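Peer 1: only the shape, not the letters, is given here:
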């Protein structure tokens, strides 16, 4: 079992930001990444549609023999992970916006959250927000249009710049000091966001926490791969495999496949 792969799925290429974090912690592991780019973004779909897609992705990864599944999508996590955990015996790790650290550390008592509509409207998101943000103003912003631009390879476009400026303006006007990225596509925006935001505003996402949690669960279940053989990395996409390749900078010795 320990030599089986870590399975990761997302509504496209965004979850590769999570894959990179996990790979840094666990370079000996084998990986299967599933980019459901054909159905991206999940954020504007109904909860039922998101659940159906999450089940489909899960069963595909299980058919490939994965030992654990990372739901590397905030929208899929908030809408489907409870069902997945109840109905499959494999361990699941989900992604939630890093609201807690932002709420605990804010000095201005105002934080911004950039996420998809599906995440911001979910019950799990509201439960987490209510739990940690008493006395703190939370400015929610739907990142409409961001995921399609990234999926089409237009990460650093003028259109992206204009979108981000319009989304950040109301947050800056209300004096946020933390910006929470609530979609796994969004960490790829950090270089651009860092140039647009004042230095005192901190940008946080969930990648590091997920990597640590993956390591902990695999260790607890004696599933860590201690083999010294070169790991196998398979990256599946039902969209443009070239975009998936380019976003990873060809830095991994991986096999790119259609599904």
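Peer 2: On my side now, so go ahead. In this text the structure is predicted, and so the values were computed from the model without any measurement. Numbers count the residues shown, from 1 in each chain.
Peer 1: how many neighbouring residues does residue 170 have?
Peer 2: By the other Cβ atoms under 10 Å criterion, the neighbourhood of residue 170 contains 12 residues. For glycine as for every other residue, the C-beta is placed from the backbone atoms N, C-alpha and C.
Peer 1: element containing it?
Peer 2: Under DSSP states H and E, the secondary-structure element containing residue 170 is helix 158-173.
Peer 1: for that helix, packing partners?
Peer 2: Counting contacts by 3 or more Cβ pairs under 8 Å, 6 or more residues apart in numbering; DSSP states H and E, helix 158-173 is packed against strand 110-115, strand 137-142, helix 146-151, helix 190-196.
Peer 1: closest to residue 28 out of these?
Peer 2: Each of the helices and strands packed on helix 158-173 was checked against residue 28 via Cβ to Cβ, and the shortest separation belongs to helix 190-196, namely 27.2 Å.
Peer 1: contact partners of the closest one?
Peer 2: 156, 160-161, 164-165, 168, 179, 181, 203, 205 (Cβ atoms under 8 Å, 6 or more residues apart in numbering).
Peer 1: mean pLDDT per helix and strand in the chain: which one sits at the bottom?
Peer 2: Among the helical and strand segments of the chain, the one scoring lowest on mean pLDDT, DSSP states H and E is strand 254-258, with a mean of 70.
Peer 1: contact partners for the residue most central in space within the chain?
Peer 2: Nearest to the mean C-alpha position of the chain, by Cα atoms, centre = their mean, lies residue 184 at 2.7 Å. Taking Cβ under 8 Å, 6+ apart as the contact definition, residue 184 lies against 10, 14-15, 17-18, 72-74, 95, 205-207.
Peer 1: can you check the pLDDT for it?
Peer 2: Residue 184 is assigned a predicted lDDT (pLDDT) of 93.
Peer 1: that one in helix, strand or coil?
Peer 2: Classification of residue 184 using DSSP: H, G, I helix; E, B strand; the rest coil returns coil.
Peer 1: from residue 17, how far off is it?
Peer 2: In this view, residue 184 and residue 17 are 5 Å apart by Cβ to Cβ, to the nearest Å.
Peer 1: wait, residue 197 touches residue 168, no?
Peer 2: Yes - proximity of residue 197 to residue 168 meets the contact threshold set by Cβ atoms under 8 Å, at 6.9 Å.
Peer 1: okay, and the common contacts of these two?
Peer 2: Shared contacts of residue 197 and residue 168, counting by Cβ under 8 Å, 6+ apart, come down to residue 179.
Peer 1: list the contacts of residue 7.
Peer 2: By Cβ under 8 Å, 6+ apart, the residues touching residue 7 are 31-32, 34, 61-62, 64, 66-70.
Peer 1: now render those residues as TSV, adding pLDDT.
Peer 2: Rendered in TSV, the data for these read as follows (pLDDT from 0 to 100):
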residue	pLDDT
31	96
32	95
34	94
61	97
62	97
64	95
66	98
67	98
68	98
69	98
70	98
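Peer 1: appreciated, that's everything.
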